[in-house]
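Q: sequence first, predicted coordinates after that:
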Amino acid sequence: MIAQLRVDDRLIHGQVALVWTKELDTPGIVVANDNAASNEMVQMTLKMATPTGKKLLIRSVDDAIKVFNNPKGKGMRMFALTNNVADALKIAQNVSDIDGINVANVGRFADKSEGETHQVGSTLMLSDKELAALKELTKLDVPVFQQVVPSNPKSSIASMLKNK
C-alpha cells in the first residue's frame, strides 16, 4: 500500500528524508524512476540520502508497479517517490492502493526545449505534456494535492488547475 506517492524532481532530499519519512512513518521508500534504476551514481546518492533505519528500493517505473501490486507487500505501508507527473500518472493508473498523491516540486530542472512552461502554484512548472498528465491524474479516484511540507495545508490540484 502506498501511504503517499510524492512527485518531487529532487527525489530524496532534506524535506523528504527528515520530514516526510517521519510524518508518514513508513518502513520503506520506493523510488520509481527509470534513470535512477539504471544509473549507479544516482543510486549511490539516493542511498546516502536515505534516513538510517529506512529501507530503500530503487526501481524502474514498471518494476515499481510490480512491487506495489505484489500480494506479499499488501500490508506494508510504502512511501513512493517519482520525479515527474507522467510517471506518477502511470503508477496511479496501475496501482489501486494509494492513499494520496502529493505533487510537490516539479519542473525546476526540466528540459526547457519541451515548449511552453505552465506555472501551477509556486513549485510546479509544467511542460504541456506534464500539465496534460496532471489533469489526467486529477480524474482518478485518489486525492491529488500539493503539500511541500506537512506543516503546510494541502492544496487541491484540481482547484489549482481551474484556469489552466
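A: Looks like it arrived, so ask away. Residues are numbered from 1 along each chain as shown.

Q: helix, strand or coil for residue 158?
A: helix (DSSP: H, G, I helix; E, B strand; the rest coil).

Q: what about it, neighbour count?
A: For residue 158, the neighbour count with other Cβ atoms under 10 Å is 15. Every residue, glycine included, has its C-beta placed from N, CA and C.

Q: on the pLDDT front, check it for me.
A: pLDDT recorded at residue 158 is 95.

Q: check the gap between it and residue 54 for me.
A: Distance, residue 158 to residue 54, by Cβ to Cβ, to the nearest Å: 31 Å.

Q: got the phi and psi for the residue found closest to residue 87 once you drop the neighbours it is linked to in the chain?
A: In space, and not counting its chain neighbours, residue 87 is closest to residue 61: 4.9 Å by Cβ to Cβ, 6 or more residues apart in numbering. Here is the backbone geometry of residue 61 (degrees, to the nearest 10): phi -60, psi -50.

Q: how deep is residue 61 tucked in, by neighbour count?
A: So residue 61, with other Cβ under 10 Å, has 18 neighbours.

Q: average pLDDT for stretch 130-143?
A: Here the average pLDDT along stretch 130-143 is 96.

Q: dump the helix or strand containing residue 129 to CSV, keeping only the CA atoms.
A: For residue 129, the element it lies in under DSSP states H and E is helix 128-137. Taking Å, rounded to 0.1, in the frame of the first residue of the first chain, the C-alpha atoms of helix 128-137 are listed here in CSV:
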residue,chain,number,x,y,z
ASP,A,128,2.5,20.8,-21.9
LYS,A,129,3.0,17.1,-21.5
GLU,A,130,3.3,17.3,-17.7
LEU,A,131,0.2,19.6,-17.5
ALA,A,132,-1.8,17.1,-19.5
ALA,A,133,-0.7,14.3,-17.2
LEU,A,134,-1.6,16.3,-14.1
LYS,A,135,-5.1,16.9,-15.5
GLU,A,136,-5.5,13.2,-16.1
LEU,A,137,-4.2,12.4,-12.6
